[in-house]
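*Asks:* Structure, please.
(2 chains, ligands or ions: 2)
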Amino acid sequence: MGFRELINIAWQGILSNKLRSSLTVLGIVIGIASVITLMGIGEGAKKEAEKQVQSLGVNLIYVRPGAASTASISQGQGTAPTLTYEDAKAIKDTCPSVDEVAAQYQSSFQVQHGEYNTSTTVLGTEPAYPEVRNFHPARGRFFTADDMKDATRVCAIGDTVREDLFPDESAIGKQILIRGELFQVIGVMEKKGANQMTDMDDQIFIPITTGYSTLFGLNTVTGQAVKMVLARAKDGQDLQAQFQITNLLRLRHGIKSPDQDDFQIRTQMDIMQTAQSITGVFSLLLGATAGISLVVGGIGIMNIMLVSVTERTREIGIRKAIGAKFGDILWQFVLEAIILSVTGGLLGIALGMLGSDWIGRFANWTCIVTPYSVILAFAVSFGIGLFFGIYPARKAALLDPIVALRTE
Amino acid sequence: MPNNVVELHDISRVYEMGEEPLYALKQLTLSIEDGDYVAIMGTSGSGKSTLMNLIGCLDRPTEGRYLLNHKDVFHLSDDELAAIRNTTIGFVFQQFNLLSSMTAIENVMLPLVYAGVDKEQRTIRAQFALQQVGLEQRMYHRPTQLSGGQQQRVSIARAIVNKPRILLADEPTGALDSHTAEEIMALFDDLVEQGITVILVTHDGEVANRASRIVRMRDGQITSDSRIRSKNEK
Ligand SMILES: Nc1ncnc2c1ncn2[C@@H]1O[C@H](COP(=O)(O)OP(=O)(O)OP(=O)(O)O)[C@@H](O)[C@H]1O
Ligand SMILES: [Mg+2]
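*Replies:* Numbering: from 1, shown residues only, chains lettered A, B, ... in the order given. Ligands and ions are numbered 1, 2, ... in the order given. Modelled structure (predicted):
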């Protein structure tokens, strides 16, 4: 018996009970569509996280004072800040894989302009900061190397600060008071929004040198302390840069071999990986939910198939009585299952893509349908059709013709 | 030397029900000649259907030997038995047993589908079989759109479409009125004339009297076996 003949028989079987067939297809459609949509949401979350991390600036290396591990209490480093402005300068001057450096020291202060005042973070940093952070002035300018050298009293303010202090006039060129010290506003930063706990817009940027001489003062132990050094590695040299910085700082801080670093280094890569592992868990959860719905759907299909075999026992008996062989019956039911699941699979993929598109459009969430999820969903639907189709089909094909005929 | 298409030797069919085994057929021996027309009669529960199912290879005997066309069917696999049901034997059931989702002609074509006959040949042969039973006007009706007699004729067309050696009919007129039954019986007469061996089960003495030989059964055994006319006599 030819394959086309078998397909024909299977197709007739499907058409002979349209309600049952459509219910089966519906089960698969829902399973597949939810897998694709949920995986799309997970993938979207991953991409979103990557984008946010990337927007912090590329190839960034964060150097902070303090031991990397909290377990190393025995290190006896005391509480004194261990990272200095000198360290930052040394990194810039001696690490070949480092391309830009911006040291930063920040503290909270009361600021005032005329009748308006607010409390905000004042961040002392270097001219490379906008470049490294990918965070530029929208109007005016950022301070320059000359401002650094002369420790001029200039500042660039974030958009939130501008709103607080200059609700109805231009800020550029005006004087503000930071803890009673006069500073001239030379720039207003672009709006950036919050990122990693800090509201980027609620900050005032001053030359770090000016900061030491006016607001921050000097640390009794280390002098010009910094809270973080932002270093940007040359393209593709993240690892080398990290290595060079580590070596340099260990040397400068006199740390010998078994001792632990008194600073910590994190790269953009680390942060990205953390973000990815978080969204990875999220994706996994969504995937598992979707997977369960697929399995439940599959069991539903098997149920319908089993019922269908029982319902059609007499038909099977008749077919066998007039000469259908074991394989003929088996193939009829297996092919019915495959046709239904492939149809359901294709419809499910279409619905899943449509659903992802809607979520992307109306829920304002990036929902990315990957070829991988489509292939997976399709393979699973095909597998379910085969797997959950074969058992009932075999049961049908093994029926004794006389027993099958006698059933009502 | 008669040519026996069916030879049953000491056939038993036992159903294991509860403690006592139930003998639906008990050491039954029966031979049927090629081209003969045999009626099987007997009280309800005497084993007629059981016997027909065995001859039709729908069931296997518990004991005994069954030679179909001189070949022992004991060793045949399920698929080989299916092939025999498909080509050597035509079965007409009391309940017609048509597939309700298919038209008359599709039902008649079904054995040919399983025989691997191509579509064009199938159509020609199914049309011919339906003509033989006088249903050429009803080919595209579904069973539910046909009368009982018409449905039985469709099932006869299905039984003969593959040109079987043997036609088995278990109470083919049981569900029909006497006039319709008469039409069906006339059909069987035709088939016998064409050389097909016909074996039918009936409760109706008039129906039985059209056959050449009447076998009576009781409690799974043959009680009488009489030839009422010679094989080829009309
Ligand atoms: N599947 C079965 N399981 C158990 N016993 C069975 C089975 N089929 C038939 N029998 C028993 O075998 C005996 C013969 O049954 P069979 O159907 O052959 O009788 P019959 O002569 O065709 O009767 P009827 O004229 O009523 O159709 C009966 O006693 C019946 O109860
Ligand atoms: Mg019976």
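*Asks:* Counting neighbours, what do you get for A:Asp168?
*Replies:* Using other Cβ atoms under 10 Å in any protein chain shown, A:Asp168 has 4 other residues around it. Placement of C-beta: from N, CA and C, glycine included.
*Asks:* For the residue lying closest to B:Thr43 once chain neighbours are set aside, report the pLDDT, please.
*Replies:* Nearest non-adjacent residue to B:Thr43, counting by Cβ to Cβ, 6 or more residues apart in numbering or on different chains: B:Arg218, 6.4 Å away. We have a pLDDT of 95 for B:Arg218.
*Asks:* How many residues are close by B:Arg218?
*Replies:* By other Cβ under 10 Å, the residues close to B:Arg218 number 14.
*Asks:* what sits opposite it in the beta ladder?
*Replies:* Here B:Arg218 shows beta-bridge partners B:Gln221, assigned using DSSP bridges.
*Asks:* what's the spacing between it and B:Gly47?
*Replies:* B:Arg218 sits at a distance of 9 Å from B:Gly47 (criterion: Cβ to Cβ, to the nearest Å).
*Asks:* Surely B:Asn86 is in contact with B:Pro111?
*Replies:* Yes. B:Asn86 is within contact range of B:Pro111, at 5.7 Å (criterion: Cβ atoms under 8 Å).
*Asks:* Neighbour count for those two, which is higher?
*Replies:* Neighbours were counted for B:Asn86 and for B:Pro111 using other Cβ under 10 Å; B:Pro111 has more, 28 against 25.
*Asks:* can you map out the helices along chain B?
*Replies:* Applying DSSP state H to chain B gives helices spanning B:48-55, B:78-87, B:104-115, B:119-132, B:148-160, B:178-193, B:205-208.
*Asks:* Of all those, which one is nearest chain A?
*Replies:* Within the helices of chain B, the stretch nearest chain A is helix B:78-87; the backing value is 2.4 Å (Cβ to the nearest Cβ).
*Asks:* Just the mean pLDDT for stretch A:305-321, thanks.
*Replies:* Per-region confidence: stretch A:305-321 scores 86 on mean pLDDT.
*Asks:* contacting residues for A:Ile390?
*Replies:* Taking Cβ atoms under 8 Å, 6 or more residues apart in numbering or on different chains, we find A:Ile390 in contact with A:330, A:334, A:337.
*Asks:* now swap in A:Ile299 and tell me
*Replies:* By Cβ under 8 Å, 6+ apart, the contact set of A:Ile299 is A:Phe388.
*Asks:* tell me which element it falls in.
*Replies:* Take DSSP states H and E as the rule and A:Ile299 turns out to sit in helix A:268-311.
*Asks:* now check the helix or strand just after that helix, is it near ligand 1?
*Replies:* For helix A:268-311, the succeeding helix or strand toward the C-terminus, using DSSP H and E, is helix A:313-321. No. Figure legend: helix A:313-321 not in contact with ligand 1 (Cβ under 6 Å from any ligand atom); closest approach 13.0 Å.
*Asks:* Indicate whether helix A:313-321 makes contact with chain B.
*Replies:* Yes. Using Cβ under 8 Å from any Cβ of the partner chain, helix A:313-321 reaches chain B at A:314-315, A:317-321.
*Asks:* Nearest to B:Val38, out of the residues you listed: which one, please.
*Replies:* For the residues of helix A:313-321 next to chain B, the residue nearest B:Val38 by Cβ to Cβ is A:Ala321; the value is 20.5 Å.
*Asks:* Could you check how far that closest one is from B:Asn53?
*Replies:* A:Ala321 sits at a distance of 10 Å from B:Asn53 (criterion: Cβ to Cβ).
*Asks:* which residues of the stretch 151-300 of chain A fall in strands?
*Replies:* Taking DSSP state E, counting those that start in this stretch, the strands of the stretch 151-300 of chain A run over residues A:154-157, A:175-178, A:181-189, A:194-195, A:198-199, A:203-207, A:228-233, A:263-267.
*Asks:* Quick one: mean pLDDT over the first one.
*Replies:* For strand A:154-157, mean pLDDT rounds to 94.
*Asks:* Which other helices and strands does it contact?
*Replies:* strand A:175-178, strand A:181-189, strand A:203-207 (3 or more Cβ pairs under 8 Å, 6 or more residues apart in numbering or on different chains; DSSP states H and E).
*Asks:* Next up, the contacts around the residue nearest to B:Asn4 when sequence neighbours are not counted.
*Replies:* Closest residue to B:Asn4 apart from its sequence neighbours, by Cβ to Cβ, 6+ apart: B:Ser31 at 4.5 Å. Neighbour list for B:Ser31: B:2, B:4, B:6-8 [criterion: Cβ under 8 Å, 6+ apart].
*Asks:* Brilliant, that's me finished.
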